[in-house]
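**Q** Model the following, please.
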Amino acid sequence: MQQKKLKNLPDLVKLRQELHQHPELSGQETETARRIVEHLQIYKPDKIYTHLGGTGVAAVFNGLNTDGPTVLFRAELDALPIAETNEELNYSSVTDSISHKCGHDGHMAILTALGSLLHQQRPAKGKVILLYQPAEETGAGAWAVLQDKRFETEFKPDYVFALHNLPGKPMHQVVVREDVFAAASTGMIVELHGRSSHAAEPENGLNPGLAMSEIIVAFNHIIRQKDQFQDLTLLTVIHARLGEVAFGTNPGFATVMATLRTYQPDDMNKLKELTRKQVEEIASNYNLTFSIRFTEEFPATVNHSKQVQTIQQAARALELDVQEAVQPFRWSEDFGHFTARYKGAFFGLGSGTEQPQLHHSDYDFPDELIPTGAAVFYGIVQHILNK
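**A** Residues are numbered from 1 along each chain as shown. Here you go, the predicted structure:
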């Protein structure tokens, strides 16, 4: 098994814990990127790119013969705005209310461990790109990297792969799924505009409160009509606001925020259409103007069949337990931007049945997954570039 090649595992664990101790939010990962570049230089990649899509980093390892496919592996740089509660760790976050509660510190360590393996033995042909992507948690990072001109002109990947640790699954289990692996989601912001007045003269204003309430009811009605969608479709109203807290004022504006989530892209388009139609109709009934915008948009992560098979072959060669997910995962992942453009696949790596769930304040990535994840990645390299 390739785990045995990681003679520098203590250094990689130290890197992971250092990244955990110094988390940075989406789009602000400057120091994280610097630490990654500093460590990558140990493995002598042929080229290191920086400032990809903002703070992104990429390291290129050429094969012995550069003619051949380019395989890209991705990890994420960013942390979450969550206060850490497992303070017993000797590497707890030193930044108030920010912590690595999704395991991106571990994913970076796995990708860096792959760099160590590539340094020891280059592939026979082609090249391997290690991409450390910013801003995955907001859904903006993958898209920003893909808009960087260097990505298409200098990278041009033939295949793309990534993983995510999965609490609740047995340690080291590899979880795969063809087609949709993770759901699409987006934040929807509806703003209603009426006219404010003195609270003593409500007849002189245009209060959007009733319209706001009707929109919330209409949204919940849409999502209860399950037969109009192909697959799992969810809408969660996460915030509503009417004016300011001022007892002397009849408010003139309101906001409704919701999270839309689907497995199928067509269902997402339909959900957007139906909600927009309801907002338009209700706002018109109350003579209000309105605006709708979407934020933190994640496409569905759709896997390609042959690349899923490649992951399975790599994992089984390492004698790892491989399981196929029956349903897609409800959480979202912006790697879908990559698989929409390139052949590739995303898979899960079990991080323990007793592990706190992702985004929980007491979550911590298990370091024993570093060699396992790196070994699966390296097995994919061998399958594609060492045939």
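
**Q** in the sheet, who's paired with the closest residue to R241 other than its chain neighbours?
**A** Nearest residue to R241, sequence neighbours excluded (CB to CB, 6 or more residues apart in numbering): T255, at 4.6 Å. C-beta coordinates here come from the backbone N, C-alpha and C atoms, glycine included. T255 forms beta bridges with E191, R241, as assigned by DSSP bridges.

**Q** Pull the number of nearby residues for T255.
**A** 16 (other CB atoms under 10 Å).

**Q** pretty sure it is touching E191, no?
**A** Yes - counting by CB atoms under 8 Å, E191 is a contact partner of T255 at 5.4 Å.

**Q** what does stretch 208-223 rub up against?
**A** For stretch 208-223, the surrounding residues in contact (CB atoms under 8 Å, 6 or more residues apart in numbering) are 190, 192-194, 233-235, 237, 240, 242, 251-256, 258, 271, 274-275, 278-279, 282-283, 285-286, 288.

**Q** Can you list which of those are found in strands?
**A** Counted as lying in strands by DSSP state E, out of these, are 190, 192-193, 233-235, 237, 240, 242, 253-256, 258.

**Q** The closest residue to Y363 other than its chain neighbours: neighbour count?
**A** In space, and not counting its chain neighbours, Y363 is closest to P356: 4.4 Å by CB to CB, 6+ apart. P356 has 17 neighbours, counted by other CB under 10 Å.

**Q** could you list every residue that touches the residue most central in space within the chain?
**A** When CA atoms, centre = their mean is applied to the chain, the residue found nearest the centroid is E333 (3.3 Å). Applying CB under 8 Å, 6+ apart to E333 gives the contacts 136, 164, 181-182, 298, 301, 346.

**Q** per-domain residue ranges of this structure.
**A** According to automatic domain parsing, the chain comprises the domains 2-181+300-385, 184-297.

**Q** tell me the mean pLDDT for the shortest one?
**A** Averaged across domain 184-297, pLDDT comes to 97.

**Q** Start and end of it, how far apart?
**A** Domain 184-297 has an end-to-end distance of 8 Å (criterion: CA to CA, to the nearest Å).

**Q** circling back: the residue nearest to the centre of the chain should be in a helix, yeah?
**A** No - under DSSP: H, G, I helix; E, B strand; the rest coil, E333 sits outside any helix and is assigned coil.

**Q** so where do the helices sit in the stretch 251-387 of the chain?
**A** Assigned by DSSP state H, counting those that start in this stretch, the stretch 251-387 of the chain shows helices spanning 265-285, 305-317, 336-339, 369-385.

**Q** So what touches the first one?
**A** Under the criterion CB under 8 Å, 6+ apart, residues 184, 186, 188, 190, 192, 211, 214-215, 218-219, 222, 228-231, 233, 235, 258, 260, 262, 289-290, 292, 294, 299-300 lie in contact with helix 265-285.

**Q** Give the full set of residues in contact with E244.
**A** Contacts of E244 by CB under 8 Å, 6+ apart are P251.

**Q** Distance of it relative to P251?
**A** 7 Å (CB to CB, to the nearest Å).

**Q** likewise L210?
**A** 12 Å.

**Q** same thing with H104?
**A** 40 Å.

**Q** Give me the more crowded residue out of these two.
**A** H104 (27 against 24).

**Q** mind showing which ranges of the stretch 1-150 of the chain have poor pLDDT?
**A** Residue ranges of the stretch 1-150 of the chain with pLDDT under 70: 1-5.

**Q** hey, where'd the helices end up in it?
**A** Secondary structure of the stretch 1-150 of the chain (DSSP H, counting those that start in this stretch): helices located at 9-21, 30-40, 104-120, 141-147, 149-150.

**Q** for the chain, longest strand please?
**A** strand 65-76.

**Q** sorry, back to before: buried deepest among the helices of the stretch 1-150 of the chain, which one?
**A** Of all the helices of the stretch 1-150 of the chain, helix 104-120 carries the top mean neighbour count, a mean of 25, counting by mean count of other CB atoms under 10 Å.

**Q** burial count for the spatially closest residue to L117 that is not a sequence neighbour?
**A** Computed as CB to CB, 6+ apart, the closest residue to L117 that is not its neighbour in sequence is Y378, at 4.7 Å. The number of residues packed near Y378 is 26, by other CB under 10 Å.

**Q** returning to what we had before: list the buried residues in the longest strand of the chain.
**A** 68-76 (16 or more other CB atoms under 10 Å).

**Q** Tabulate these in JSON lines, adding columns for distance to Q21.
**A** Listed next are these as JSON lines, based on distance: CB to CB, whole Å:
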{"residue": "G68", "distance to Q21": "39"}
{"residue": "P69", "distance to Q21": "37"}
{"residue": "T70", "distance to Q21": "34"}
{"residue": "V71", "distance to Q21": "31"}
{"residue": "L72", "distance to Q21": "28"}
{"residue": "F73", "distance to Q21": "24"}
{"residue": "R74", "distance to Q21": "23"}
{"residue": "A75", "distance to Q21": "18"}
{"residue": "E76", "distance to Q21": "17"}
